[in-house]
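Q: based on what follows, work out the 3D shape:
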Amino acid sequence: MKKSLIILCNLISMVTMSQNSSDQATAYVCPPCNSACDDITYNTPGTCQHCNMPFVKKEMSKTIAFYLQDGVEVLDFSGPMEVFSYAGYRVFTVSATKDPIKSQGILTVVPDYSIYDAPKADILAFFGGNSQAASQNKEVITWVKEQKDIEYHFSVCTGAFVLAEAGILDGKVATTFHNALSDLETNYPKVDVRKNVRYVDNGEVITTAGISAGIDGALHLVAKLQGINAAKRTAFYMEYDNWNMGNGLLLSESNPYADQKHDVFFKDFEGVYQYKNDTTFNLKYDKNQENLLVEIDDVFYPIYHEIDDVFSDVNSEYVGFLRNPSGEIIGYQLEKNGEIFKKLD
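A: This is a model prediction of the structure:
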């Protein structure tokens, strides 16, 4: 299924008339990987031949500033960095100065920018680990307040204290690292601090609990911006098998998990199917991730529902199922009007 010639967005342009003209003008890029392909723009979706990463719409390739302070927790920022990078966002690091910092006293990080020369970002992100070095630095807080047209503020762990100090959490619900919940509540009475939640989504401000919770919050933001299937693909790529979708406190009107299909819908598609080179595969429903799984050579690959009987694979490529007049699934195609592979059982 990874080799199909017609990919999902081509199908959608065929079946959804209102999208025809806009799809033709859409530009695509591969997620940044610090290679020559970072600067290439494509006019159709697909997979990069250089780094084998699925393209994303250029308009969705947000720029995210990761503010890092000396002593920052490694996984606090590296987990979300992995998520956002694969999802196609451009991440740069910024600190109070360009001097090297030590993450947990182990990892040396040289910031890309200081607060004095950092470029504009769409999203500002802050992280825990010695976060008072940022939250109690007046120049840093002034810089945070002066950033214009920020689409989202994002924090992991005690990075929430930076947002609180800047007044961004005033009148909002927030969370932080479990050992710091009481301090956040005491020091910032205008913030409604919640315990025992993985993350809190206020709409344009997302705060997460500590360390690994940042991965969940980052995947949630990807789901908000690009749809649930983009987040699922990212989690699959990272082999983050334990991701529990929507396991935070959602206070915004934007809920990327609301329209997902459930087991009754997916049961129609389960069974054994023909595949290329006279092989077969088993298709089953994955209740945890609410999508289909293809089993090939003892390895499972997810198939994501898009619209009606149309699905896409991990590389966003087209998988269209066919029904007989009685409504029963009889097979699938890997390209529109292409070869039909039958359902055998």
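
Q: check contacts around the residue nearest to the spatial centre of the chain.
A: The C-alpha lying nearest the average C-alpha coordinate of the chain belongs to Val222 (CA atoms, centre = their mean; 3.0 Å). Contacts of Val222 were listed using CB atoms under 8 Å, 6 or more residues apart in numbering, and they are 83-84, 87, 230-231, 234. Every C-beta, even on glycine, is put in place using the N, C-alpha and C of the backbone.

Q: pick the one among the residues you listed closest to Phe154.
A: Phe84 (9.3 Å; CB to CB).

Q: what comes up buried for the helix or strand harbouring that closest one?
A: For Phe84, the host element (DSSP states H and E) is helix 74-86. Neighbour counts over helix 74-86 (16 or more other CB atoms under 10 Å) mark 75-86 as buried.

Q: for the protein, what spans make up the helices?
A: Ranges of helices within the chain are 8-15, 20-25, 74-86, 132-135, 138-146, 160-165, 181-187, 213-226, 228-237, 263-266, based on DSSP state H.

Q: convert the longest one to PDB, retaining C-alpha atoms only.
A: C-alpha atoms of helix 213-226 as PDB (Å, rounded to 0.1, in the frame of the first residue of the first chain):
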ATOM      1  CA  ALA A 213       3.000  14.500  29.000                       C
ATOM      2  CA  GLY A 214       4.500  17.000  26.600                       C
ATOM      3  CA  ILE A 215       4.400  14.400  23.800                       C
ATOM      4  CA  ASP A 216       0.600  14.000  24.400                       C
ATOM      5  CA  GLY A 217       0.100  17.800  24.300                       C
ATOM      6  CA  ALA A 218       2.100  18.200  21.200                       C
ATOM      7  CA  LEU A 219       0.200  15.400  19.400                       C
ATOM      8  CA  HIS A 220      -3.000  17.100  20.500                       C
ATOM      9  CA  LEU A 221      -1.900  20.400  18.900                       C
ATOM     10  CA  VAL A 222      -1.000  18.600  15.700                       C
ATOM     11  CA  ALA A 223      -4.500  17.000  15.700                       C
ATOM     12  CA  LYS A 224      -6.000  20.500  16.200                       C
ATOM     13  CA  LEU A 225      -4.000  22.000  13.400                       C
ATOM     14  CA  GLN A 226      -3.800  19.200  10.800                       C
END
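
Q: so where is the protein shaky, pLDDT-wise?
A: 1-25, 28, 31-35, 38, 44-47, 50-60 (pLDDT under 70).

Q: looking at it, which strand is longest?
A: Across the chain, the strand with the greatest residue count (assigned by DSSP state E) is strand 299-307.

Q: any idea how far that strand is from the chain center?
A: In this view, strand 299-307 has its centroid 16 Å away from the chain centroid, taken as CA atoms, centre = their mean, to the nearest Å.

Q: alpha carbons of it, as CSV, please.
A: Output in CSV follows, covering the C-alpha atoms of strand 299-307 (Å, rounded to 0.1, in the frame of the first residue of the first chain):
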residue,chain,number,x,y,z
VAL,A,299,4.0,-6.3,11.2
PHE,A,300,0.9,-4.1,11.7
TYR,A,301,0.4,-1.0,9.6
PRO,A,302,-2.5,1.4,10.4
ILE,A,303,-5.1,2.5,7.8
TYR,A,304,-6.8,5.7,8.6
HIS,A,305,-10.4,6.6,7.8
GLU,A,306,-10.9,9.8,5.7
ILE,A,307,-14.4,10.0,4.2
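
Q: sheet partners, orientation included, of it?
A: Note on strand 299-307: by DSSP bridges, its sheet partners are strand 291-296 (antiparallel), strand 310-312 (antiparallel).

Q: figure out which of the ones you listed is closest to Asp149.
A: Smallest distance to Asp149 across the strands paired with strand 299-307 (CB to CB): 32.5 Å, for strand 310-312.

Q: that closest one: how far from the chain's middle?
A: Put simply, strand 310-312 sits 19 Å off its chain's centre (CA atoms, centre = their mean).

Q: residues of that strand that come out buried?
A: Neighbour-count burial for strand 310-312, with 16+ other CB under 10 Å as criterion, is recorded at 310-312.

Q: now stretch 165-175
A: Result for stretch 165-175 [16+ other CB under 10 Å]: buried residues 165-166, 168-169, 172-175.

Q: same question for stretch 248-259.
A: 248-250, 256.

Q: which residues touch that stretch?
A: Residues outside stretch 248-259 that contact it (CB under 8 Å, 6+ apart) are 173, 175, 194, 197-204, 208, 216-217, 220, 223-224, 227-228, 231, 245-246.
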